[in-house]
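Visitor: what follows is a predicted protein model with its sequence.
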Amino acid sequence: MARSAPDVLRSMFPVPERRAVFWFLAVAMVVVVAAVTLAVIGGGENEVLPDAAPEHLVDPLPTSRPVTRADLESLRIPMAPRGYRMVDVDDVLDRLAAELAERDARIAELEAALAGAQATAVGGTDLFEKRPEQPPRDEGRNDWDEPR
C-alpha cells in the first residue's frame, strides 16, 4: 500500500532533524528580511537610493532651420514613469504645429501668386478690361472640319 507524503517525510527525517530544518529556514528568512530592510531604509546618514536625475530631450528639433523628415525619424522622446514626459511631447507638437501652419501659409501664398500669374497670362493685365468681340461663328461648321 502507498504511503502518504507526511509519512514518507517522517520516515526520512526523524523528529529532531525536522526541527533543525525548520529553525534553519526560519533564521534564514529573518536574515533575508533584515538585509532587505536595511538596504531599503539605508541604515546610515547617506541615502542608499538617491533620486535619479530626470531624463531630458537629448536632441531637440532644430531651431535654425525647418524640420525635416530625418529630424522626426531620429527624434527620441525620453520615457517617464507613466509614459512620456508631457512637456517634451507638448514642445514637439507645438513646434510641428507651427511648422505646418507656416508651410500652409506659404503654400496658400504661392497658389495665390500662381493664380494671379495665370490670370494675367490668359487675360492680359486687367481682369475687368473689355475684350474685343470675337467674330461670329458659323453655326453649321465644327472645329474639326477643314477650313472652307
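Guide: Here it is on my side, so go on.
Visitor: ok, residue 40 to residue 34 distance?
Guide: Distance, residue 40 to residue 34, by CB to CB, to the nearest Å: 11 Å. (Glycine included, C-beta is placed from N, CA and C.)
Visitor: same check on residue 88?
Guide: Counting by CB to CB, the gap from residue 88 to residue 34 is 42 Å.
Visitor: which of those two has more neighbours?
Guide: Between residue 88 and residue 34, counted using other CB atoms under 10 Å, residue 88 has the larger neighbour count: 17 against 10.
Visitor: now the more buried one: which helix or strand?
Guide: Using DSSP states H and E, the element containing residue 88 is helix 86-123.
Visitor: in that helix, which residues are buried?
Guide: Across helix 86-123, burial judged by 16 or more other CB atoms under 10 Å covers 88, 92, 95.
Visitor: could you export the residues you listed as a markdown table, including distance to residue 20?
Guide: Shown next, in a markdown table, are those (distance: CB to CB, whole Å):
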| residue | distance to residue 20 |
| --- | --- |
| 88 | 59 |
| 92 | 64 |
| 95 | 70 |
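Visitor: min pLDDT across those, which one?
Guide: For the buried residues of helix 86-123, the least confident position by pLDDT is residue 88, scoring 85.
Visitor: I figured that residue hits residue 78, correct?
Guide: Yes - proximity of residue 88 to residue 78 meets the contact threshold set by CB atoms under 8 Å, at 6.7 Å.
Visitor: since that was my last question, I'll sign off now.
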